[in-house]
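> Let's see this in three dimensions:
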Amino acid sequence: MAENERKVTYTGVMTTATALASALLLLQSQKAAAAPGGTINIPPELLELLIAMAADVSDIDVVRLPEILEALKALAINVRGWPENADFISSFRSDLLVVNVAVQMEDLEVPDGFVLTVKADPANPVAPAVIRVASSQADAQNANSSYPLVANEFRDWPIKNARQLWVSASAVPAAVICSTVRRQ
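Model prediction:
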């Protein structure tokens, strides 16, 4: 009995692997028509293949089969890759003219999947100038709760908008340069 269960499980696994490999080959063969918005619809052949695969596995929850099939129909696959390529670069420079007074960054939206690069200007005084980066005005003015950058050093921040950051400097004049990609 245990050997039969093992054979059934092995057959189910192999059938699933074969069906998935067939589905990938079908998608790669460009038989799936691209729909607007960079997604593809599941062709009827692939849906039939998935139904046949599900019917072959003995331990499938038959009660939930209609729910599973509806979810498969609604499935869309992103064929453009993530993150999508960006079209342009946006940058700005913030000058820091008063010692230890935090300045909020300009409004610069960062597309999903990309980062904001914050760089201490190479022309900043080498010593003792330290740029402090933080998410609040108070933290940017505190050496113990901010991220330090020295001249020509940079860091990438996975944030949605440059306005989420504040910067201050321990010596002036100093500047930071923020850069990210943008889509048209």
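> Kindly provide the distance from N100 to L116.
Per CB to CB, to the nearest Å, N100 is found 23 Å from L116. Using the backbone N, CA and C atoms, a C-beta is placed for each residue, glycine as well.
> Looking at those two, which one has more neighbours?
L116 (23 against 15; other CB atoms under 10 Å).
> If you count neighbours, what's buried in stretch 133-144?
Residues 133-134, 139-141 are the ones in stretch 133-144 that count as buried (16 or more other CB atoms under 10 Å).
> repeat for stretch 173-184
174-176, 178-181.
> what does the model give K160 for pLDDT?
According to the model's per-residue confidence, K160 sits at a pLDDT of 95.
> so what's V172 scoring on pLDDT?
The predicted local distance difference test score for V172 is 91.
> Hmm, L97 and it touching each other?
Yes: applying CB atoms under 8 Å as the test, V172 and L97 come out as touching, 5.6 Å apart.
> And those two? Which one has more around it.
Applying other CB under 10 Å to V172 and L97 shows that V172 carries more neighbours, namely 17 against 11.
> Can you classify the more buried one as helix, strand or coil?
Put simply, V172 is coil when judged by DSSP: H, G, I helix; E, B strand; the rest coil.
> go on, A71?
The three-state assignment at A71 reads helix, by three-state DSSP.
> residues contacting it?
Residues touching A71, when contacts are defined by CB atoms under 8 Å, 6 or more residues apart in numbering, are absent altogether.
> try 10 Å
Neighbour list for A71: R64 [criterion: CB atoms under 10 Å, 6 or more residues apart in numbering].
> Tell me how far it lies from L47.
For A71, the distance to L47 under the criterion CB to CB works out to 12 Å.
> Ok, M53 next?
Relative to L47, and taking CB to CB, M53 is found at 11 Å.
> can you check N144 too?
Taken as CB to CB, the span from N144 to L47 is 58 Å.
> With that, I have no additional questions.
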